[in-house]
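>>> Can you look at this prediction? I've put the sequence above it.
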Amino acid sequence: MATTLRSLLLTATGSVAVLGAVLAMRATAATGEFVLARGVELEIRGIPALGQEAFTGSWGRASMGPSGGEDGGDWADPDGVRAFVSLAGRQLRARVAAPVSWEAGGRFRVRQLRLNPRAGLPLLVTGTVRTGVSWRPSGPAGSSVVAAPGSVAVLGQPVEAGTTSVPATGVQLGYPGVTGAVLTVVRTDVRKTSPHTGGGVRTAEAGMILAISGRMFDASGAVVYDGPLAEVTLGGASVDCAGGARQEPATAEGGTPMFVDSLLGVPAVPAGCARSSA
């Protein structure tokens, strides 16, 4: 399955910039990977007018294929995401116990995310963010994103799912020549399942996506920049359960709690995945 993340960023209408996102999760299992979890995926727009260089990278990965087993996560950082982001309490896991279950998830908090080292405040901080996906032939798929209300903040202002405007200064953002700014933050908590031909939901995706744009002004009030700044995906996870959909489970329904349930600390959100009868 191809790895994709598509965002549609809408520019200003009148005097206010409006940002919209059309999203397909990047953390999608590739061929041979039944389950996949990622920590942080970051895209920074290159903006010469602000002295900001482009950056794209991901940090943290756990995956498992049809051979089965459990991956506790790899936090190597070849892309250099840690130059922009620091995390605490980080956990990633992916597990395939065919034909019983396919599960993946992540749990961590963002201590700080800065787009450049001059920034006077972290652009993003969070409390614990927990994501998870799961599927069993004997039951429904699950897709969960959990974060306490008010625990996700941009420049200190809480942002919930949807669109939030955040006032800012050039000093806070670290942009010389910028006096004031208005940021538009679009937060999307992805809880998604997809049907497979012949019936039954076979795939699930989860993650928290924050797309941030800004309208920047200099001391005279002139617009210095108006457009997208960055996009970050937290805890992107996916499961493709088509590989075991026609097999009967080795154990009865119920019993031991699901792996993702224990990782999240709450039950995964059921999404109506049933074993295909095709």
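In hand now; what should we look at? Since this is a predicted model, take the numbers as computed values, not measurements.

>>> so residue 205 sits in a strand?
Yes: assessed with DSSP: H, G, I helix; E, B strand; the rest coil, residue 205 lies in a strand.

>>> Flag the shaky bits of the stretch 151-278 of the chain, pLDDT-wise.
For the stretch 151-278 of the chain, residues meeting the criterion pLDDT under 70 lie at 195-201, 241-278.

>>> Chain neighbours aside, what residue packs nearest to residue 173?
Computed as Cβ to Cβ, 6 or more residues apart in numbering, the closest residue to residue 173 that is not its neighbour in sequence is residue 119, at 5.8 Å. C-beta: built from backbone N, CA, C; applies to glycine.

>>> before we move on, what SS does the one you found have?
On the basis of three-state DSSP, residue 119 is classed as coil.

>>> Quick one: residues contacting it.
Going by Cβ atoms under 8 Å, 6 or more residues apart in numbering, residue 119 touches 172-174.

>>> gap between it and residue 170?
For residue 119, the distance to residue 170 equals 10 Å [Cβ to Cβ, to the nearest Å].

>>> Ok, residue 117 next?
Look at residue 117 and residue 170: by Cβ to Cβ, they are 15 Å apart.

>>> ok, the two, which is more surrounded?
Here residue 117 and residue 170 are set side by side on neighbour count (other Cβ atoms under 10 Å), and the busier one is residue 170, at 22 against 8.

>>> Wait, the more buried one touches residue 214, no?
No: with contacts counted by Cβ atoms under 8 Å, residue 170 stays clear of residue 214, the gap being 10.6 Å.

>>> can you pull up the bridge partners for residue 87?
Assessed by DSSP bridges, residue 87 has beta-bridge partners residue 110.

>>> quick one, what contacts it?
For residue 87, the residues meeting the contact criterion (Cβ under 8 Å, 6+ apart) are 39-40, 59-60, 108-111.

>>> Can you tell me which of these has the most neighbours?
residue 39 (28 neighbours).

>>> Does it touch residue 76 like I think?
No: applying Cβ under 8 Å as the test, residue 39 and residue 76 come out as separate, 10.9 Å apart.

>>> Name the residue most distant from the centre of this structure?
Centroid-distance maximum for the chain: residue 220 at 37.7 Å, with Cα atoms, centre = their mean.

>>> Backbone dihedrals for that one, please?
Note on residue 220: its backbone torsions stand at phi -90, psi -10 [degrees, to the nearest 10].

>>> Contacts only, for it.
Counting by Cβ under 8 Å, 6+ apart, there are no residues that residue 220 touches.

>>> Could you report the distance from it to residue 112?
Distance, residue 220 to residue 112, using Cβ to Cβ: 32 Å.

>>> again, but for residue 215
Counting by Cβ to Cβ - residue 215 and residue 112 are separated by 24 Å.

>>> now do residue 69
For residue 69, the distance to residue 112 - Cβ to Cβ - is 34 Å.

>>> Since that was my last question, I'll sign off now.
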